[in-house]
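Asker: A predicted structure for the sequence below; I have some questions about it.
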Amino acid sequence: MQKLGEVLRSGDWKSEKHVPVITAPETVKADDAFEIGVSIGADDPHPNTAEHHIRWIKLLFQPEEGFTFELADFQFTGHGEGLKGGHEGPVYTEPFAKVTVRLKQSGTLMALSYCNIHGLWENSKKITVN
């Protein structure tokens with residue numbers, strides 16, 4: 001039986017358009033609100049069509065001590081579908097999102113994304129709380 005960690009894919013987000021990009025400061029003050037951005041295809045846009053798209057991104061936080069917490073779950077459900085066909089719809093939801101959080105301890109931000117063709121992708125970023 002495979003484990004989740006065995007099927008997660010990763011890479012350099014600058015050259016791989018499936019890897020989640022986490023935009024956040026490296027250091028924050030304890031209990032101060034700050035913004036975290038997550039996106040797919042920052043430099044190399046990922047396709048966004050009915051046939052090939054990013055379906056969701058999850059943002060998690062792993063404190064230095066304790067278990068992992070889910071911070072946000074972003075669903076991208078508009079991919080150009082419409083009554084006249086797969087590319088005739090009125091709306092596209094691009095895989096870019098932001099959330100405001102407060103942290104009390106240092107740890108690691110982790111993002112997971114799901115491409116309907118190429119599967120699960122991951123990335124992480126350490127964050128220090130002063």
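Answerer: Thanks, I have it.
Asker: at the geometric centre of this structure, which residue sits there?
Answerer: residue 57 (3.9 Å; C-alpha atoms, centre = their mean).
Asker: from residue 116, how far off is that one?
Answerer: In this view, residue 57 and residue 116 are 13 Å apart by C-beta to C-beta, to the nearest Å. Every C-beta, even on glycine, is put in place using the N, C-alpha and C of the backbone.
Asker: give me the number of residues near residue 44?
Answerer: Look at residue 44: counted by other C-beta atoms under 10 Å, it has 13 neighbours.
Asker: that one in helix, strand or coil?
Answerer: Three-state assignment for residue 44 (DSSP: H, G, I helix; E, B strand; the rest coil): coil.
Asker: and residue 100, by the same measure?
Answerer: Applying three-state DSSP: residue 100 is strand.
Asker: quick one, what contacts it?
Answerer: 33, 34, 35, 36 (C-beta atoms under 8 Å, 6 or more residues apart in numbering).
Asker: most neighbours among those residues, which one?
Answerer: The contacts of residue 100, ranked by neighbours (other C-beta under 10 Å): first place residue 36, 23 neighbours.
Asker: show the contacting residues for it.
Answerer: 22, 23, 24, 59, 71, 98, 99, 100, 101, 109.
Asker: turn those into JSON lines, including pLDDT and distance to residue 127.
Answerer: Converted to JSON lines, the contacts of residue 36 look like this (pLDDT from 0 to 100; distance: C-beta to C-beta, whole Å):
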{"residue": "22", "pLDDT": "97", "distance to residue 127": "9"}
{"residue": "23", "pLDDT": "97", "distance to residue 127": "12"}
{"residue": "24", "pLDDT": "98", "distance to residue 127": "6"}
{"residue": "59", "pLDDT": "98", "distance to residue 127": "12"}
{"residue": "71", "pLDDT": "98", "distance to residue 127": "11"}
{"residue": "98", "pLDDT": "98", "distance to residue 127": "15"}
{"residue": "99", "pLDDT": "98", "distance to residue 127": "14"}
{"residue": "100", "pLDDT": "98", "distance to residue 127": "14"}
{"residue": "101", "pLDDT": "98", "distance to residue 127": "10"}
{"residue": "109", "pLDDT": "98", "distance to residue 127": "6"}
